[in-house]
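Q: fold the following for me, if possible:
(4 chains)
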Number of protein chains: 4
Amino acid sequence: MEAFSDGVFAIAITLLILEIGVPTGSEDDLLKALADQWLSYLAYLVSFATIGAVWIKHTVITEYLDSATSVLIRLNLLLLMVVSFLPFPTRLVAEHIREEEAERVATAVYGINLLLASVLVGVLWRYAVGARPDASDEDVAMLTKRLTPSLAGYVAMIVLGLFLPVLAVVGYLAIAVYIVVPFRAMRHRVHEA
Amino acid sequence: MEAFSDGVFAIAITLLILEIGVPTGSEDDLLKALADQWLSYLAYLVSFATIGAVWIKHTVITEYLDSATSVLIRLNLLLLMVVSFLPFPTRLVAEHIREEEAERVATAVYGINLLLASVLVGVLWRYAVGARPDASDEDVAMLTKRLTPSLAGYVAMIVLGLFLPVLAVVGYLAIAVYIVVPFRAMRHRVHEA
Amino acid sequence: MEAFSDGVFAIAITLLILEIGVPTGSEDDLLKALADQWLSYLAYLVSFATIGAVWIKHTVITEYLDSATSVLIRLNLLLLMVVSFLPFPTRLVAEHIREEEAERVATAVYGINLLLASVLVGVLWRYAVGARPDASDEDVAMLTKRLTPSLAGYVAMIVLGLFLPVLAVVGYLAIAVYIVVPFRAMRHRVHEA
Amino acid sequence: MEAFSDGVFAIAITLLILEIGVPTGSEDDLLKALADQWLSYLAYLVSFATIGAVWIKHTVITEYLDSATSVLIRLNLLLLMVVSFLPFPTRLVAEHIREEEAERVATAVYGINLLLASVLVGVLWRYAVGARPDASDEDVAMLTKRLTPSLAGYVAMIVLGLFLPVLAVVGYLAIAVYIVVPFRAMRHRVHEA
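A: Sure, this is the predicted structure:
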């Protein structure tokens, strides 16, 4: 199960680049044309960071488990579906942002996809803990503490996106970076230095 | 052989999303444009669930086997070809459904591809059982019981699709879900609760 | 090295399907439109069988070797480049066949790519044998016997393709099938039955 | 971490071919049309060799390490992002070269991406050495000696590319080949022969 999941994560994260179109018909000022589609790069960054974050959490969960039960394999497949769906709303945001009405819809669809991935990681985690009676309370508390703010963050950002779509995308990035970057580990290093 | 197969399954299942086009020229009502292509999402869902189902069955078969014989590697390659062909009819259905004549052809081609995958899983399974003299009758009976209804189901759905294409696609989904979701395991959990 | 190589083979073989375009503007007779592009399916089949054949040979070579030397890793990278280039001439043939002049060029380019892959497998094999002093003569002779006809076959087909392009593509398929299908193993089974 | 990284490298290197467009509307002289886009093949070659070079260095680093620390996983994710971004500037160069102004921008963007990948490999390497107190000075010196010229080379080529874009792309290839091809190992073989 791990090899297959790692494969899907690796492919989904690498396919994202195919969604960014190369500006055409911009012989005179390619630099400006490239700069103008900065929102495409932002969407790319958000999706890359989010899949990276989900992958890291997924690694923690599979390491925590001894064996894959039948139900877990199915839950995992559901998570992989949500993750591999992500290139679609990424392209949606990249293409429709800056269009008054459409950008709200695109950002909301994107946010719901991100939220769903986070929810499924949570479900997978809770199931994994339930399947192991010797679960350490510390580990559970740590991950729960990490999951809760991201869920609340996504809901807040989806609502915000109805009014300020671009800000919501920046918010999605902040949530992913918050999960990926190990602040505590960094602080340790700073203290040691 | 397992690493290569897992790779092909993982890539085929992740490439599916590239077949869903983002609606363009829909600045005014992106939500409606997105909703209008619900059949694309359904086709995506069917193909994802089917590849997931084939992957699960494939895992069971390779776990069952001790070593890969020369013939088995070739049979496996044939199955992988049918699986990696699936994005093509998926796009075919997504693009041509709702076009009177074309949708019947698209749905039938799709169904035949799904049926072929199921047939090849069955062939692989029978070959695997034949290659191991100590095969447990229970395991054989269990998988046979699971394979037979899906084959019959596909044939029925292909015929139905000549008259009601959309219903056939829903039927394809039902078959894949029937294979993927471990009803027995779920019932167990309900009883335990 | 094996995980990376298996990954590249798996991806190249699965990406091939993206090169087959879904016929558009064919509402009235999709079946005819699908049948008309039979050469696309043939090119898909050839490329799939060829990558499958190279992968099988590659597996034999890496199993034969104890460790990967520095030169071997580079030779292997070269082979992977030729293999992952294959989707390009596949599309070339699929799009340009049936165009008087163009199809000769497309078929020749395709054949040269296939020949190059075969040559590199041969080089890799010779290097692998050279790196192991206890190489069994039988194994060497067996693989040499398998490699030589395919090289000669490709050269013959490339020349033939300058006059009869479609026939050359069929010939490419025949060579790949000849490598993939284990005739001896099959004969064994027939004799045993 | 290794399986995921190998997957991303394998996919990024194989996706590159999708960026080379098949010439259309060239029924009369396909050979000329194919020859005319030689810069696309060059860009493909550069990107393939560069990802190959990064992958080889990455393998050396991960072999050197005993375990993946939290910070290392994040640094690695950053490197993977830069590597999987590479198909974008590859396409950029392939499409915009030979356009007076645009080609300078495209080549510079491409070079910065390549430089960034090299910088991140260096950072990863330094971090890996720092995490292991028993680091052999020889290994460190060897890799440092290999990394420094490639960094200087990229900077020189980016500057050169503002005046002679095509030459810069050739220079990028030279740097990648310099890293990939094990000259010392080859010289050994020549001496032995």
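Q: check which helix or strand the residue most central in space within chain A maps to.
A: By C-alpha atoms, centre = their mean, chain A has its centre lying nearest to A:Thr50, at 2.1 Å. Using DSSP states H and E, A:Thr50 maps to helix A:38-64.
Q: now do the contacts for A:Leu124.
A: Taking C-beta atoms under 8 Å, 6 or more residues apart in numbering or on different chains as the contact definition, A:Leu124 lies against A:58, A:61, A:72, A:75-76, A:79. For the C-beta atoms, the positions are set from N, CA and C on the backbone; glycine is no exception.
Q: by proximity to chain B, which residue of chain A wins?
A: With C-beta to the nearest C-beta as the measure, A:Gly7 is the residue of chain A nearest to chain B, at 3.1 Å.
Q: any idea how far that residue lies from A:Leu16?
A: To A:Leu16, A:Gly7 is 16 Å away according to C-beta to C-beta, to the nearest Å.
Q: which bits of chain A sit near chain B?
A: A:1, A:3-4, A:7-8, A:10-12, A:15, A:18, A:69-71, A:73-74, A:77, A:80-81, A:84-88, A:91-92, A:95-96, A:99-102, A:105-106, A:109 (C-beta under 8 Å from any C-beta of the partner chain).
Q: which among those count as buried?
A: Among the residues of chain A next to chain B, those classed as buried by 16 or more other C-beta atoms under 10 Å in any protein chain shown are A:1, A:3-4, A:7-8, A:10-12, A:15, A:18, A:69, A:71, A:73-74, A:77, A:80-81, A:84-88, A:91-92, A:95-96, A:99, A:102, A:105-106, A:109.
Q: residue ranges with poor pLDDT in chain A?
A: Across chain A, the ranges flagged by pLDDT under 70 are A:25-27, A:68, A:133-136, A:139, A:142-143, A:146, A:182-193.
Q: try 80 this time
A: For chain A, the stretches flagged by pLDDT under 80 are A:1-2, A:24-28, A:63-69, A:97-101, A:129-149, A:181-193.
Q: for it, which helix is longest?
A: Ranked by number of residues, the top helix in chain A under DSSP state H is helix A:100-130.
Q: if I look at A:Leu86, how far off is A:Leu173?
A: Taking C-beta to C-beta, one finds A:Leu86 at 14 Å from A:Leu173.
Q: check whether A:Val8 really touches A:Leu80, as I assumed.
A: Yes - A:Val8 is within contact range of A:Leu80, at 4.7 Å (criterion: C-beta atoms under 8 Å).
Q: which neighbours do those two share?
A: Joint contacts of A:Val8 and A:Leu80 (C-beta under 8 Å, 6+ apart) are B:Ile13.
Q: contact partners for the residue lying closest to A:Ala3 once chain neighbours are set aside?
A: Leaving aside its chain neighbours, A:Ala3 sits nearest to B:Asp6 (4.9 Å; criterion: C-beta to C-beta, 6 or more residues apart in numbering or on different chains). Residues near B:Asp6 by C-beta under 8 Å, 6+ apart: A:3-4, A:7, B:55.
Q: switch to 10 Å and redo it
A: Contact analysis of B:Asp6 by C-beta atoms under 10 Å, 6 or more residues apart in numbering or on different chains lists A:1-8, B:55, B:58-59, B:62, C:6, C:10.
Q: element containing whichever residue of chain A sits closest to chain D, please.
A: As assessed by C-beta to the nearest C-beta, chain D sits closest to A:Ala10 within chain A, at 3.1 Å. Secondary structure assignment for A:Ala10, by DSSP H and E: helix A:2-15.
Q: can you name every helix or strand that the next helix or strand after that helix contacts?
A: The helix or strand immediately downstream of helix A:2-15 is helix A:30-36, counting by DSSP H and E. In terms of contacts (3 or more C-beta pairs under 10 Å, 6 or more residues apart in numbering or on different chains; DSSP states H and E), helix A:30-36 is packed against helix A:38-64, helix D:87-96, helix D:100-130.
Q: with distance to D:Ala33 added, can I get these in CSV?
A: Converted to CSV, these look like this (distance: least, C-beta to C-beta, whole Å):
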stretch, distance to D:Ala33
helix A:38-64, 30
helix D:87-96, 14
helix D:100-130, 20
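Q: return the most buried member of those helices.
A: Per-stretch averages of neighbours, counted by mean count of other C-beta atoms under 10 Å in any protein chain shown, single out helix D:87-96 among the helices and strands packed on helix A:30-36, with a mean of 25.
Q: that one close to chain C?
A: No - looking at helix D:87-96 against chain C by C-beta under 10 Å from any C-beta of the partner chain, there are no contacts, and the closest approach is 12.1 Å.
Q: how far out from the middle of the chain is that helix?
A: Mean C-alpha position of helix D:87-96 versus that of the full chain (C-alpha atoms, centre = their mean, to the nearest Å) differs by 14 Å.
Q: do stretch A:11-29 as well
A: Centre-to-centre, stretch A:11-29 and its host chain are 20 Å apart (C-alpha atoms, centre = their mean).
Q: can you give me the buried ones in it?
A: A:11-20, A:22-23, A:26.
Q: quick one: end-to-end distance for it.
A: Stretch A:11-29 stretches 33 Å from its first residue to its last (C-alpha to C-alpha, to the nearest Å).
Q: dump the buried residues of stretch A:11-29 to a markdown table, plus distance to B:Tyr41.
A: Listed next are the buried residues of stretch A:11-29 as a markdown table, based on distance: C-beta to C-beta, whole Å:
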| residue | distance to B:Tyr41 |
| --- | --- |
| A:Ile11 | 20 |
| A:Ala12 | 17 |
| A:Ile13 | 22 |
| A:Thr14 | 23 |
| A:Leu15 | 18 |
| A:Leu16 | 19 |
| A:Ile17 | 23 |
| A:Leu18 | 19 |
| A:Glu19 | 17 |
| A:Ile20 | 23 |
| A:Val22 | 28 |
| A:Pro23 | 29 |
| A:Ser26 | 33 |
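Q: who's in contact with the residue nearest to A:Arg98 when sequence neighbours are not counted?
A: With sequence-adjacent residues excluded and distances taken as C-beta to C-beta, 6+ apart, A:Arg98 is closest to A:Leu39, at 7.0 Å. When contacts are counted by C-beta under 10 Å, 6+ apart, A:Leu39 touches A:93-98, A:103, A:165-166, A:169.
Q: residues touching the residue in chain A sticking out farthest from the centre, list them.
A: Going by C-alpha atoms, centre = their mean, the residue of chain A most distant from its centre is A:Asp28, 36.3 Å out. A:Asp28 is in contact with D:99-102, counting by C-beta under 10 Å, 6+ apart.
Q: try A:Ile20
A: For A:Ile20, the contact set (C-beta under 10 Å, 6+ apart) comprises A:37, A:40-41, A:43-44, A:90-91, A:94, D:85, D:87-88, D:91.
Q: same deal with A:Arg98?
A: For A:Arg98, the contacting residues are A:36-37, A:39, A:165-166, by C-beta under 10 Å, 6+ apart.
Q: buried ones only from these, please, as a PyMOL command.
A: If you want just the buried ones from the contacts of A:Arg98 in PyMOL, going by 16+ other C-beta under 10 Å, the selection is:
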select buried, chain A and resi 37+39+165
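Q: of the contacts of A:Arg98, closest to D:Thr144?
A: The closest of the contacts of A:Arg98 to D:Thr144 turns out to be A:Gln37 (C-beta to C-beta; 37.7 Å).
Q: can you work out which residues contact both of A:Leu86 and A:Leu173?
A: Common neighbours of A:Leu86 and A:Leu173 (criterion: C-beta under 10 Å, 6+ apart): A:46-48, A:50.
Q: distance to C:Ala141 for those - can I get that in a markdown table?
A: Shown next, in a markdown table, are these (distance: C-beta to C-beta, whole Å):
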| residue | distance to C:Ala141 |
| --- | --- |
| A:Val46 | 57 |
| A:Ser47 | 52 |
| A:Phe48 | 50 |
| A:Thr50 | 54 |
